[in-house]
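Student: The sequence and its predicted three-dimensional model are supplied below.
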Amino acid sequence: CPEAKLRRSNAGMRKLVIALVVVACAVSRGEAAVENEFDADFFMRDGNRDGKVTREEFKLGKLAEATDEAFACLDADMNGYITKEERDALRTRFWKSKLSKLNAEEVLEWLAYDKCVPANIKKFVPALKLANLNGLALWDVGVKNPSLLRTELKIDSPIVRRTIVQAVCREIEGLGCLGQPDAPPPSDLGALGNLSPALAAAAA
């Protein structure tokens, strides 16, 4: 396919057009059909179309955006690149996790509870409340595109961004404060005064 000449100034529109061009080119070359937005995102990051997304491709030029932590979460076998199968497997584990089932209020409590996210998020609470993130949204900000933590949620601390991504990844693997999807919560959860009944119930 010839290279697309994108002239629009809107960054969001450019990304959408690029994704569509990549999909069109892939289909025209007889590659596997891209079935949904997740595939489009993977194809857009896979610059050389080898079916693998390296750390550099994953970053897409975004430095200090907690991309290293998100990449480590996705790179299950730690071989230095992500395959679509690895990404799909992680996403499936995320959907099964207790984290994905939290509502917006519970997400705020999870973020603020230091046994879940060991970082001080007090100054970021107004923006987080405004965003009204539920558990499912944490896939986008915690794994797929951590730069949203800064650009959309206005979290200007690299340490806090990295800590949130690491906490999301721990919950996906069942190693976070909420525990395994089908396991009872750790003995201390729910017994602490600063853990609300709603979050305690989510962990149960």
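Tutor: Alright, I've got the coordinates.
Student: Run a quick neighbour tally on the nearest residue to Asp156 once chain neighbours are set aside.
Tutor: Nearest residue to Asp156, sequence neighbours excluded (CB to CB, 6 or more residues apart in numbering): Arg150, at 6.5 Å. C-beta here means a position set from N, CA and C on the backbone, and glycine is covered the same way. By the criterion of other CB atoms under 10 Å, Arg150 has 19 neighbours.
Student: Repeat that for the one 5 residues further on.
Tutor: Burial of Ile155 is recorded as 24 neighbouring residues (other CB under 10 Å).
Student: Next one: it from Asp88, what distance?
Tutor: As judged by CB to CB, to the nearest Å, Ile155 and Asp88 stand 28 Å apart.
Student: Equivalent analysis for Tyr113, please.
Tutor: Distance from Tyr113 to Asp88, by CB to CB: 30 Å.
Student: Between the two, tell me which one has more neighbours.
Tutor: Legend: neighbour count by other CB under 10 Å for Tyr113 and Asp88, higher for Tyr113 (19 against 13).
Student: Isn't that one up against Cys177?
Tutor: Yes: if you go by CB atoms under 8 Å, Tyr113 and Cys177 touch, sitting 6.8 Å apart.
Student: Report the secondary structure element holding Ile82.
Tutor: strand 81-83 (DSSP states H and E).
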